[in-house]
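Enquirer: Sequence and predicted structure, then a few things I'm wondering about:
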Amino acid sequence: MSTPSYRETFRLGPFVVPRVWTGLWQLSSNAWGSASVSKVRHGMARHVEMGYTAFDMADHYGSAEIIFGQFRSGLASPEQVLGATKWCVFKRITPSRAVVQAAVLERMERMGTKRVDLLQFHWQDYSDNGYITALNHLLDLKINGAISAIGLCNFDAIRTDEICTELGPGAIVSNQVQFSLIDTRPLHGMSDVCERHGLKLLTYGTLCGGFLADKWLGSPEPDPYSGNLTPSQRKYLDMIVKAWGTWELFQSLLLALRKIGDRHGKSISNIATRWVLDHPFVGAVIIGARLGISEHPDENSRVYGFHLTDYDNATIENILDRSNGRTIITSIGDCGAEYR
């Protein structure tokens, strides 16, 4: 298996990691299709061989933590592969030290490790500011060696700024949020917070469930109820045609990306991903893989080693200016609001 000749990396807390991560959320449900555990592990091995050494998962992604932990423990150099997981608080709790520690210990047990590499924290109810208490406990656990780095997940700009100010420099290294040519909300506030606190975004939805790809150029608008779409595609189709614009305008965007891709010898997906990566506050994009079913490590490796030109960006902006992209932050709310 050939490793890409060039790979971009960035520093995330104590780690140096690639700028393209592998997302494991498809393991949370059979709705994406299912593969045997051996096929999933084989897919993980292929990704690692090609330089994709960071995997993103969560406490509620089915058996993702367990499968990843078993896979990593079998590697000759397991320390070279980063496992990022999450502790997501969806209902009201009292975030005592014991409760927080139990959540972290569960992550460690499921992943079969003595330390969580990156623990990303999500808190559902902003009206309950217990998230500050919980994060202080997480910070203490980090100091005691149970966690290597702490990140946030789907926090908005106001709370991210509040948390980073409260906990101090370097306490939080990342925030995982949605960011794409369709969803540009991080440009409105979050980017300033990242610059102020030295934070990096880990972004998902970069390819809109696969819609930002050559296969959809010239295709009619799909029926969301046909049963042929993945859960991600149903989510992002709704965003494209209801929040962002129309399918016709989306086709104009795909055509513009195809022409840019022709100039660089890249695919539409490569250009859409590169647009996100070219923002300095973005650390990495997380591209989901249906391991053992549908995965594109060769294709994704081609996002490295080039940048969009001013002309490329102007061409893209010409399309985005005709969309409702600038107002999504008011129609849906800031980063993560769609989950609250």
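Expert: Thanks, I have the structure now. Numbering: from 1, shown residues only.
Enquirer: I figured L199 hits L167, correct?
Expert: No - counting by CB atoms under 8 Å, no contact exists between L199 and L167, whose distance comes to 11.6 Å. All C-beta spots, glycine's among them, are computed from the backbone N, C-alpha and C.
Enquirer: between those two, which one's more packed in?
Expert: The residue with the greater number of neighbours, taking L199 and L167 and applying other CB atoms under 10 Å, is L199; the counts read 22 against 17.
Enquirer: Now do the same contact list for G13.
Expert: For G13, the contact set (CB atoms under 8 Å, 6 or more residues apart in numbering) comprises 118, 148-149, 170, 173.
Enquirer: Out of these, which one has the lowest pLDDT?
Expert: The member of those with the lowest model confidence is G170, at 95 (criterion: pLDDT).
Enquirer: Please look at it and G198 and confirm they touch.
Expert: Yes - proximity of G170 to G198 meets the contact threshold set by CB under 8 Å, at 7.4 Å.
Enquirer: Just list the residues touching G112, thanks.
Expert: Contact partners of G112, counting by CB under 8 Å, 6+ apart, are 66, 69-70, 72-73.
Enquirer: From those, which land in helices?
Expert: Among the contacts of G112, the members found in helices (DSSP state H) are 66, 69-70, 72-73.
Enquirer: ok, of these, which one's closest to F15?
Expert: Distance from F15 was checked for each of the ones in helices among the contacts of G112 by CB to CB. The minimum falls on R72, at 14.2 Å.
Enquirer: neighbours around the closest one, how many?
Expert: Summarising burial for R72: neighbours were counted as other CB under 10 Å, giving 22.
Enquirer: How much space separates it from S174?
Expert: Distance of R72 to S174, given as CB to CB, to the nearest Å: 20 Å.
Enquirer: Only the buried residues of stretch 318-329, if you could.
Expert: Along stretch 318-329, these residues count as buried under the neighbour rule (16 or more other CB atoms under 10 Å): 319-320, 323, 325, 328-329.
Enquirer: Go through those residues and name the one nearest L181.
Expert: Nearest to L181, judged by CB to CB, of the buried residues of stretch 318-329 is L320 at 6.9 Å.
Enquirer: Quickly note the distance from that closest one to T327.
Expert: Taking CB to CB as the measure, L320 falls 12 Å from T327.
Enquirer: State the pLDDT value of A54.
Expert: For A54, the model assigns a pLDDT of 96.
Enquirer: can you check G43 too?
Expert: 82.
Enquirer: go on, the one 3 residues further on?
Expert: Looking at R46, its pLDDT stands at 88.
Enquirer: isn't it right next to D298, touching?
Expert: No - the pair R46 and D298 fails to qualify as a contact (CB under 8 Å) at a distance of 9.6 Å.
Enquirer: more crowded one of those two?
Expert: In this comparison of R46 against D298, neighbours counted by other CB under 10 Å, the higher total goes to R46 at 16 against 12.
Enquirer: Q80 and P18: what is the separation?
Expert: For Q80, the distance to P18 (CB to CB) stands at 11 Å.
Enquirer: Give me the common contacts of these two.
Expert: Taking CB under 8 Å, 6+ apart as the contact definition, Q80 and P18 share the neighbouring residues T53.
Enquirer: So the two - more neighbours on which side?
Expert: P18 (21 against 10).
Enquirer: Now do the phi/psi pair for that one.
Expert: With angles defined as degrees, to the nearest 10, P18 sits at phi -70, psi 160.
Enquirer: what's the answer for E166, then?
Expert: Its backbone dihedrals place E166 at phi -70, psi -40, with angles given as degrees, to the nearest 10.
Enquirer: State the number of residues packed around it.
Expert: 13.
Enquirer: Touching, it and A134? I think so.
Expert: No - assessed by CB under 8 Å, E166 is found out of contact with A134, at 12.0 Å.
Enquirer: Could I get the full set of strands for this structure?
Expert: 9-12, 15-18, 20-23, 54-56, 82-89, 116-123, 147-153, 174-178, 200-204, 282-288 (DSSP state E).
Enquirer: Which one of these lies nearest to V303?
Expert: Across those, the minimum distance to V303, taken as CB to CB, is reached by strand 20-23, at 6.5 Å.
Enquirer: Against G83, how distant is the residue nearest to V17 when sequence neighbours are not counted?
Expert: Nearest-residue entry for V17: A54, 4.7 Å, with adjacent residues in sequence omitted and distances by CB to CB, 6 or more residues apart in numbering. Here the criterion is CB to CB. By it, A54 lies 8 Å from G83.
Enquirer: try V99
Expert: Distance, V99 to G83, using CB to CB: 22 Å.
Enquirer: out of these two, which sits in the more crowded spot?
Expert: Between V99 and G83, counting by other CB under 10 Å, G83 is the more crowded of the two (23 against 13).
Enquirer: and the residue nearest to that one when sequence neighbours are not counted, what is it in contact with?
Expert: Nearest residue to G83, sequence neighbours excluded (CB to CB, 6+ apart): D117, at 5.1 Å. Residues in contact with D117 (CB under 8 Å, 6+ apart) are 15, 82-84, 148-149.
Enquirer: Where is the longest helix in this protein?
Expert: Assignment by DSSP H gives helix 247-264 as the longest helix of the chain.
Enquirer: buried ones in that helix?
Expert: Of the residues in helix 247-264, 249-251, 253-254, 256-258, 260-261, 264 count as buried by neighbour count, 16+ other CB under 10 Å.
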